[in-house]
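Enquirer: Just the structure for this:
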Amino acid sequence: MRARRVTAALLLGAVLTAPALAAVPAAAALAAVPAAAALAAVPAAAALAAVPAAAALADDPVRFEAESLAVVNATAPVGAQADCCGVSWSGGRQLWFRSARAGDSVTLTLPSVPAGQYDLGAVLTRAGDYGTLRFAVDGVAVGQLFDGYAGTVQRTGAVPLGSASLATGTHRLTVTVTGRSASSTGFFAGLDTVTLRRVGPLAAVTTTPYETVGETPTRGASTRVYDPSVGESTTWYYNDHTLVRHQQTGVWHLFGITHAEPGAPQDEKVFGHATAPSPTGPWTKRPAALVANPGAGEQWIWAPHVVHHNGVYYMFYAAGNPDYARYRMHLATSTDLFTWTRSSANPLFTDGWEARDPMVTRVGDRWVMYYTATSSPSGGNHVVAYRTSTDLLSWSARAIAYTSPHVGQAGGQTESPFVVRRGEWWYLFVCCDGTDYGAAYRRTAVYRSRDPLRFDGAEKVAVLDAHAAEVVVDGSTWYLSHAGWGQGGLWLAPLTWSTQVVARGYTVSTGFLRADIRTWPNARIAALAVDPAGAGNYRPALDSSHRGTGPYLAVGRFDVTDRAGAPARVDVSADGSRINLVGIPFGDEPVTADWLLTVAPRWSGPGLQSDITWSVNGWPTAAVWEVAFNVDGASPAVGDATVEARPTGDVTGMPRWTMSTGDGLSVVAVHRWGSAWRGDNTWYDAGHAMAAWQPLWRAGGLSWGPGQYPGGTWRLVASGLRRDVAFADAAHAAVNAVP
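Expert: Take a look at the predicted model:
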């Protein structure tokens, strides 16, 4: 449609590159006018500079003189300021808001426009005593921060304010001063014009809050039931262990790593053995069950686990050696739980880094062995790997049940995996939850999934105080065990199950998309499904196969150290098309984020827009290595305009867009250029079709000072074609168009 002239001068489209901003001098006109008098200076029914909006064609931009908009309320003086300071504003005036502090706001009435989805823009003023602004429509945020500071008084070009779905009738635009840059001497704000451009029909959005309930485990009081130091001249410990009941006699047997304190993992060469009439004891110490045999490839042995099958007890354990990339998984068998014979099939397989801590259980018609490893034998993400078998001797190639976002070597965050079933759900217990291994040593996280072979993206339903935990079931009684270096032996605690809330969020849907926006316990887009045709025949677009989609921090090192927690407040627009997650915390860092998600039926395809703003409220605990927005694709490949399928790794800077693609689908994250305060890097994870957009990315980290930072605008859109580059380029142009 050809644009029709509806004002004396339409705004020129220009992409904001977020330069520093400027201020009208404090001594300018109206500097001493009381708030009430300043409010009176803006007539409630002032004539609009534009022709009536209803007369405009549906897709024409409509411009309003900001100083002519009716003021609903204000917390500081507001008025119409005439041209000054070498600047000429449209109509010879601007709306001048003389805020004195962060938190001041002014609310204006937007005259009625035809119903539809609108992009909002404005021409504003920058000067040396101007503050940082955030905009909201009808009480819910739109768009990004605007920094009003500049060394000289300046009239901006067209600035994008965000997007909103507007029904017929008047609406309210609120301008809030959120703070100021370090160089600014004040908190003033100036608006020259406001522009609305309709980009699609009124969004028909269904937004429904939800709570997911499920069984969650709780650990009761812990009691020490066995002290391996008894009969020894020094203090001894138990670490990774297993408890099994003899099928005929009913006697319980305990096997585990044992050694004199302090912990000496490369000298752990003995599996201790004890027996008792019940898991709670009393336990009787027995001769060692197994001693490392260097001739069998065992320089040390770790983490026994025992299962019973057809009258035979199978003990699986890790045989360690200095080649940490090729740990050996070994097997010994017994018929009485006292005498053990190594299998001639050893090693059952080799894996690394330090592939160990096996746990075996029956799933359907096969056995599954879970164990801790890393994404590659030389290191990488900590994972819970698994292999399957029908005979407990021959094992399949490895697959991954769970991938920790944390990287390194050794066990890290995936030690001692243990999987149990309750009803339709499977629960993965895994240690050690956290980035500080010392603090995390006694933190066992519990995840639940309907699929015992897939815990990526599963809800974390509990964190329990235990190390090397085993779930022990004696009839109808459940226990959680605990042991480790410096822990004084084996401990048991009652494990009870109760129905509680495990997740909260919103389901947002149109014919084009359905999103699971999780707000508790962690903020993220848990899933996004799309139908480019708009008929509600959704296909997976984003998932939580690794990190999920949302913001994260890396403090003190690369990789996720601080996930997005639950927001302090959630604002939802009346029509459900905007959800603003306000005050999202990140671990123990003095950092929060506001994350605005806006849905619309058409933005060059079904669209979900993401705007992130960061607030640093004190100095982080260490140098900041990454500040990022992660997009977790559900398709086979991830790439950009240059490379269709990027290998895992870093690419300097930010591209126009990234694309997760497969047969019959392209899911594109297009970037509004300059919407983030910097744009250092993009990290691709080929295994999860994932791209992490990183405004801040620096080896060794940076000192991220207190302040507010625009974190970037991305629009998530989809096409029904594979590798649809033309569509991605059109979507990029659309998100960068300015009203």
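
Enquirer: Give me the most central residue, the chain.
Expert: Gly550 (4.3 Å; CA atoms, centre = their mean).

Enquirer: what bridges to that one?
Expert: Bridge pairing for Gly550 (DSSP bridges) gives the partners Asn630.

Enquirer: you'd agree it is up against Val560?
Expert: No: if you go by CB atoms under 8 Å, Gly550 and Val560 don't touch, sitting 10.6 Å apart. Bear in mind the C-beta positions are built from the backbone N, C-alpha and C, glycine included.

Enquirer: what's the closest non-adjacent residue to Gly662?
Expert: Nearest non-adjacent residue to Gly662, counting by CB to CB, 6 or more residues apart in numbering: Ser635, 3.7 Å away.

Enquirer: residue contacts, that neighbour?
Expert: With contacts defined as CB atoms under 8 Å, 6 or more residues apart in numbering, Ser635 is in contact with Ala541, Ser660, Thr661, Gly662, Leu665, Val667, Ala689.

Enquirer: Also Gly711?
Expert: Applying CB under 8 Å, 6+ apart to Gly711 gives the contacts Pro551, Ala593, Asp611, Ile612, Thr613, Trp614, Val627, Phe629, Ala676, Trp677, Pro695.

Enquirer: How about Thr234?
Expert: Going by CB under 8 Å, 6+ apart, the list of residues near Thr234 reads Ala260, Glu261.

Enquirer: Secondary structure class of it, three-state.
Expert: Thr234 carries the three-state label coil when classified by DSSP: H, G, I helix; E, B strand; the rest coil.

Enquirer: From Ala260, how far off is it?
Expert: Between Thr234 and Ala260 the distance is 5 Å, computed by CB to CB, to the nearest Å.

Enquirer: Enumerate every residue touching Arg101.
Expert: Residues counted as contacts of Arg101 (CB under 8 Å, 6+ apart) are Val177, Phe187.

Enquirer: Sticking with Tyr313, tell me its helix or strand.
Expert: Counting by DSSP states H and E, the secondary-structure element that holds Tyr313 is strand 312-320.

Enquirer: Check which helices and strands that strand is in contact with.
Expert: With contacts taken as 3 or more CB pairs under 8 Å, 6 or more residues apart in numbering; DSSP states H and E, strand 312-320 sits against strand 284-291, strand 300-309, strand 327-334, strand 356-363.

Enquirer: So which of these is nearest Val473?
Expert: strand 356-363 (11.9 Å; CB to CB).

Enquirer: Run me through the strand neighbours of the very next helix or strand once past the closest one, direction for each.
Expert: Going down the chain from strand 356-363, the next helix or strand is strand 366-376, by DSSP H and E. Within its sheet, and counting by DSSP bridges, strand 366-376 is paired with strand 356-363 (antiparallel), strand 379-389 (antiparallel).

Enquirer: Strand 366-376: which residues count as buried?
Expert: Using 16 or more other CB atoms under 10 Å as the burial criterion, the residues of strand 366-376 that qualify are Trp367, Val368, Met369, Tyr370, Tyr371, Thr372, Ala373, Thr374, Ser375.

Enquirer: By pLDDT, give me the weakest of those residues.
Expert: Of all the buried residues of strand 366-376, the one the model is least sure of by pLDDT is Ser375, with 90.

Enquirer: what about the protein, any weak spots by pLDDT?
Expert: Applying pLDDT under 70 to the chain flags the ranges 1-59, 601-606.

Enquirer: Contact partners for the closest residue to Arg504 other than its chain neighbours?
Expert: Using CB to CB, 6+ apart and skipping residues adjacent in sequence, the residue nearest Arg504 is Trp520, 4.0 Å away. Trp520 sits next to Val501, Ala503, Arg504, Gly505, Ala566 when contact means CB under 8 Å, 6+ apart.

Enquirer: The second one looks like it's in a strand, true?
Expert: Yes: according to three-state DSSP, the state of Ala503 is that of a strand.

Enquirer: Which residue, neighbours along the chain excluded, lies closest to it?
Expert: Counting by CB to CB, 6+ apart, the nearest residue to Ala503 once its immediate chain neighbours are dropped is Thr212, at 4.1 Å.

Enquirer: Share the number of residues neighbouring the one you found, please.
Expert: A count of neighbours around Thr212, defined by other CB atoms under 10 Å, yields 13.

Enquirer: From His253, how far out is it?
Expert: Taking CB to CB as the measure, Thr212 and His253 are separated by 39 Å.

Enquirer: the strands in the stretch 151-300 of the chain, which residues?
Expert: Ranges of strands in the stretch 151-300 of the chain, per DSSP state E, counting those that start in this stretch, are 154-155, 159-166, 171-179, 189-200, 206-219, 223-226, 236-245, 252-260, 270-276, 284-291, 300-309.

Enquirer: Contacts for stretch 641-651, please.
Expert: Counting contacts by CB under 8 Å, 6+ apart, the residues touching stretch 641-651 from outside are 637-640, 655-657, 659, 661, 681-687, 691, 697, 723, 725, 728-729.

Enquirer: do that again at 10 Å, thanks
Expert: Stretch 641-651 is contacted from outside by 375, 380, 558, 636-640, 655-659, 661, 680-692, 694, 697, 722-723, 725, 728-729, 732, using CB atoms under 10 Å, 6 or more residues apart in numbering.

Enquirer: biggest helix in the chain, by residue count?
Expert: The helix of greatest length in the chain, counted in residues with DSSP state H as the criterion, is given as helix 725-736.

Enquirer: so that one versus strand 189-200, what angle?
Expert: Angle between the axes of helix 725-736 and strand 189-200 is 150 degrees (criterion: axes from the mean of the first three to the mean of the last three CA atoms, to 10 degrees).

Enquirer: Work out the gap between helix 725-736 and the centre of the chain.
Expert: Between the mean C-alpha point of helix 725-736 and the mean C-alpha point of its chain there is a distance of 25 Å (CA atoms, centre = their mean, to the nearest Å).

Enquirer: on contacts alone, who are the packing partners of it?
Expert: Counting contacts by 3 or more CB pairs under 10 Å, 6 or more residues apart in numbering; DSSP states H and E, helix 725-736 is packed against strand 159-166, strand 607-616, strand 657-662, strand 665-671, strand 707-719.

Enquirer: Let me know the angle separating the first one from strand 707-719.
Expert: Meaning strand 159-166. With the same axes, to 10 degrees as the criterion, the two stretches strand 159-166 and strand 707-719 enclose an angle of 60 degrees.

Enquirer: ditto for the second one
Expert: Comparing the axes of strand 607-616 and strand 707-719 via the same axes, to 10 degrees yields an angle of 160 degrees.
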